[in-house]
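Asker: Here is the input, now give the coordinates:
(chains A, B and C)
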Amino acid sequence: MIVKKGEYSVVGKSVPLIDACEKVTGTIKYAGDIRVPGMLTGKILRSPYAHAKIVEIDTSKAEALPGVYAVITHKNIPNKEWLGAWFNRQGKVLDETVRYVGDEVAAVAAEDKEIAEMAIGLIEVEYEKLPEVFDIEEAMKHGAPEVRAGGNAIQRTALSWGDAEKGFEESDFVIEKRCTMGFAHHSPLDRNACIVSWDGDHLTLITGTQEMFKLRNQLSVYFDVPKNYVNVVQKPLGGSFGLWWDMNYHFIAALLARKAGRTVRMELTREEVFAGTKRRERPVTYIKLGFAKNGKLISSRWTHIFDNGAYGFKPDPFQSASDIYRITNGDYEAIGVNTNLSTAGCARGVGDLTLNYAMEQTIDLAAEKLNIDPVEFRKQNHFREGDILWSSQEVFWCKVFFQDKPRPVVKLAQEALDECLEKGAELIQWKKKWKGWGKPVAIEGAKRRGIGVAIATHICGLSMLGPTGAIVIVNTDGTATLTLGPGLMGQGANTTQCQIVAEVLGIPYEDVQFAEPDTLHTPECPSTVGSVTAYMVSPATKAASEDAKNKILKVAASLLDAKSEELDIKEGKIFAKANSEKGLMTVSECLCRPLYDIQCTSVIVGSASMGFPFEKSAKMTMVAFAEVEVDTETGIVKVVDYVQVHDSGRLMNPTICYNQAGGLYMGAGFALGERLIFDEDGKLLNANFMDYKVFGISDMPMPKIAFVEKDEPGGVFGVKGIGEGASCVATPAIASAVYNALGVQIDPPITPDKVLSALGEKL
Amino acid sequence: MDYFKVNNIEEALSLLDAYGERGIVIGGGTLFVPHRTELYSEVEAVIDLERTQLDYINFDGNKLKIGATTKLASILTSEVICKGPFEVIAETVREITPPEVRNMATVAGDICISAEVDLPTTLIALGTEVVTRSTVGSRILPLEEFYLGYLQNALKVDEIVTELQVPYPGLRTGAAFLKFKRISTDLPLLNAAAKVTLGDNDKCIDVKIVLGVGTNTPIRVKSAEELLLSTRCDKELIAKAANSAGDIEYISDLRASAGLRKVWGKVGVKRVLWKALERAQYKEVS
Amino acid sequence: MKKRITLSVNGREYSVDVDTTWTLVEVLRDKIGLTGTKHGCGVGACGSCTVNIDGQAINSCLMLAVKAEGKSITTIEGIADGNGLHPIQQAFADNHGMACGYCTPGMIMASKALLDKKLEASEEEIKEALVGHICRCGTYPNIIKSVISAERILKGSSVLK
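Answerer: Numbers count the residues shown, from 1 in each chain, chains lettered A, B, ... in the order given. Predicted coordinates:
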């Protein structure tokens, strides 16, 4: 149902960010901006080798240096592993074996940065090099150096429906393709930091994170203290895109702080952020697609191999792409492989960028084989409302966590791909530019123009990401505070959730504040991943707001000698529903009046805690069209026109959503040049912005961003998510456009040398 | 590390004499500062030339004289450079981004670095000379002889660059610059510049073609120049000249392979030549 | 080597003990306590450390603190005049010229340096001024919109004057 505009007073409006003032004045405090008197500086010693055993480690000189308060190695810390959220890291804090160049070997806490760096230089380590493996397919082979105990490729997912083999036999055509992509990094601008202190057994850790509760839980287990002794204070993040979760350096800092008996601050350098945290997993996908003459997709087999790097242990990239097309039979297999490169894990879009890329390339080939317009082919074959999502993540996670339960049946609630494709096609002038398969848009001397299209989908959270507790406190001046735990990394959750509070309570948006989350005071919230907040956290916010509103109205009813069902609140005024023009009292007036029975004023606390039924899952859909110009003499590819259209239900705050679509720059950069470069010893060579080239303001023409707004049936106010999906479509759309320009498919990053090689140049 | 913001060049020179190899001269410091740990950890004295009043741009009808500490940003607001025969210098500086760096970096700094920089390529094509001073005197040398290798220039330990002199290009002279980069704001991966002067019947009476960054040092593509000198250029000749740039030794690094740079070298020479000819008012004869 | 220097920041004099190897951004953030200026990369490649020095946009991670002595430094904390936000700040807030906000101080300071010199900057000139600023969230379109909106406000108020 296309949304009706103007239905709500706050929802659907592009109200300013709730922290806009702090952001434009520079007063907002990210974790790296916090300074605590007397804090020590923590620094990490990192391995120069990709795989080695620490034979000897001597920290005596470092410990003896004046100004050094603590030094830790694998020898003097608990010999325990901790488990990072969503299989992103499993390992000890410091280990006898190092598994990638940059792996943590030891750490110091000292009076200042200079002393800490000097102390690091005084630690003597003798390494015994071990055989290394960097390539995922090599790492899978029998006899490959063992990065992960038990095997590098033991993390797997397998899901099937129908009979894929039979389906291929019944197909008129079968296409097989191998796709891969380069290495990429989230590279947020914020280097973050953590500040840790112990008060007896009470631990306080201040940091920017998307995984406040998971971090709290793991710290509690690792240090063997109750959960309510651990307070993770969550600061806003200057971008995260899946990077800043629960990190090993949190544990290192906590160990240092405990040993030193002082507050320790640890901030990673830009090089450490690139080389020593986490990166996007690199995929190799083998796709086999069987289809009929009439364009129907009959059978598919994906083997999606992706790397977990040194410490990741994901069994699946996490994706919804395998359901985006209606394919009667399917075998989906994902294999996470450990290698001696930095840990790899979730990054914006996850498998809906990586696996989806491979799928979109194959779909292009199928459409070309049948000589069907790629837009039409996608329209013909994409999933639709009511379709069973055979490989939806709920199915996968139930297999992991609820083995005794039947396989869940998840159906697609709603999508808007046809509308998005039509709108996008119009904006890029598809009919005018698409000349047919193998025919570029234009050829002018050495320049060739091509056009391409791609679709993608993504979850709007998953039920198993966690339940939500929400608290809405209404003060006697009529203002409200929302206590809620989502990570704040620019997706505007604080703003949009406060819009819900304002809408439901009936008070002005300006009167709602968002309390800084911390694990001591904030009820649990799902991991802020997979675009969960808008769709799956909102119900709790709404319920808590309704609870608060009911309580206010109960007070009002007693003061007005009325029934609370007869009353309502709008613009901060309480009125009788029967006579909405006449405000009877303001919320503040109501709450300032002492009640006879209790001889004082009321305190209004609305609360709710709930999970989200998995059958009501939702998917977002998005479409991108890209036009590129390839200079066939230099191999340089430029985007010359770009359109991205999103179906994210009703837009809670249209301008926030518009900005979220800016994830397209990440996808586009990844298509055309963003890449991590490792040398033959596994060392990252471009751990800085000089050589990890992120798209800037002039690297693309202004994109045309549009939305198709349909109320999502299961969503509060019809809202669903957008954030992660925004980076998923640019990469395949640009790759498709290059294919149209050149007649050769090139895997990202589509760099000049690859283009020239594709054109037959011997470099 | 000690720091001196000197008031005149003589102070700078005497400090340099005192510190020798352990002293370093900066204009803006945009190379030194971010790399002070890896490249310059033995530096004991930073001698800042900011106050030496060497920021000027003067044209005396014969030579364009640019003082050493002239900010790159000043090039872009100089009428004498932006409008007229020296325009290509402004075009080159405009490719040095971002503006924040142009506001700090100095012309001499860009000349002296001998690394991934843009100005030297253009200035060599224009026949620029470098004026240096030491406590014992002054000398002037062609910019094209200034580069000895990566991060190595021909300055003696006690010498400072004080001025660049660019000769007036003359009539019927055109020049062009081209930068190969990954995204809008980037170091050059390779750059190319050309200057041509045409005489009667559009014959080349002077031609300088330079490739920089992707080669060990900025290099005159003499093989190409020889093909064009004293002849009337045409498509075939220019293609041949450009192709000869394939014989140069290019470097491979994490930014680009030698193979890719070789392709770019040839394309770059071709494109800057055509542009330079166009600006020299070359008329193509069918 | 340690030195005591005086830095003039936002119209105030700060006397600080610094090491000669420290950059201006480190001193602003760690010594003077002005953390609005960010320290994203240390090599002048991200723009988050941009301040205004004598009216010019400068990457404070590229300037030695000792070099900054004697100059007039303005940071994001210093552009509002005490009567509310500077028009550029207001324009960014009104037009959602940000998502996470980390690049915002740098974007605003670079825009201010541009608009202080040229109130009629074209979209191309705005892009050129901001070309060294990474917005990883990708809000470039609304950043440009914010600067254009700021131009209108500033032009309007200058007409009123």
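
Asker: any idea how far A:Ile34 is from C:Arg136?
Answerer: 21 Å (CB to CB, to the nearest Å). (C-beta placed from N, C-alpha, C; glycine too.)

Asker: Specify which residue of these two has the higher count of neighbours.
Answerer: Applying other CB atoms under 10 Å in any protein chain shown to A:Ile34 and C:Arg136 shows that C:Arg136 carries more neighbours, namely 29 against 17.

Asker: now check stretch A:630-649, is it near chain B?
Answerer: Yes - Stretch A:630-649 comes into contact with chain B (CB under 8 Å from any CB of the partner chain), by way of A:633-636.

Asker: Let me know the helix or strand that C:Ile108 is in.
Answerer: Element membership of C:Ile108 [criterion: DSSP states H and E] is helix C:104-117.

Asker: If you count contacts, what does that helix end up packed against?
Answerer: With contacts taken as 3 or more CB pairs under 8 Å, 6 or more residues apart in numbering or on different chains; DSSP states H and E, helix C:104-117 sits against helix A:20-25, strand C:50-53, strand C:56-59, helix C:87-94, helix C:123-129, helix C:140-160.

Asker: Just the strands from the stretch 601-750 of chain A, written as ranges.
Answerer: Assigned strands in the stretch 601-750 of chain A, in chain order: A:604-610, A:619-631, A:637-647, A:704-707 (criterion: DSSP state E, counting those that start in this stretch).

Asker: what about the closest residue to chain B within chain C, neighbour count?
Answerer: At 2.2 Å from chain B, C:Gly132 is the closest residue in chain C, using CB to the nearest CB. C:Gly132 has 25 neighbouring residues, counting by other CB under 10 Å.

Asker: what's the nearest residue to it if we skip its chain neighbours?
Answerer: B:Pro98 (2.2 Å; CB to CB, 6 or more residues apart in numbering or on different chains).

Asker: Spit out the contact partners of that neighbour.
Answerer: Residues in contact with B:Pro98 (CB atoms under 8 Å, 6 or more residues apart in numbering or on different chains) are B:185, C:44, C:47, C:59, C:131-133.

Asker: can you put those residues in TSV and add secondary structure?
Answerer: Formatted as TSV, the contacts of B:Pro98 follow (DSSP: H, G, I helix; E, B strand; the rest coil):
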residue	secondary structure
B:Thr185	coil
C:Gly44	coil
C:Gly47	coil
C:Asn59	strand
C:Val131	coil
C:Gly132	coil
C:His133	coil
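
Asker: Render the CA-only coordinates of stretch A:129-143 in CSV, please.
Answerer: The C-alpha coordinates for stretch A:129-143 follow below in CSV (Å, rounded to 0.1, in the frame of the first residue of the first chain):
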residue,chain,number,x,y,z
LYS,A,129,57.9,-19.0,11.7
LEU,A,130,55.2,-21.4,10.7
PRO,A,131,53.9,-22.2,7.2
GLU,A,132,51.5,-19.6,6.0
VAL,A,133,48.5,-19.6,3.7
PHE,A,134,46.7,-16.5,2.3
ASP,A,135,44.4,-17.7,-0.4
ILE,A,136,41.1,-19.2,0.7
GLU,A,137,41.0,-21.9,-1.9
GLU,A,138,44.6,-22.9,-1.0
ALA,A,139,43.7,-22.9,2.7
MET,A,140,40.9,-25.3,2.0
LYS,A,141,43.1,-27.9,0.5
HIS,A,142,44.2,-31.0,2.4
GLY,A,143,47.6,-30.4,4.0
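
Asker: What are the contacting residues of that stretch?
Answerer: A:49-53, A:97, A:144-145, A:147, A:152-153, A:282, A:284, A:305-307, A:335, A:337-341, A:678, A:681-682.

Asker: Kindly supply the ChimeraX command isolating those of those that are buried.
Answerer: This is the ChimeraX syntax for the buried subset of those, where burial follows 16 or more other CB atoms under 10 Å in any protein chain shown:
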select /A:49,50,51,52,97,144,145,147,152,153,282,284,305,306,307,335,337,338,339,340,341,678,682
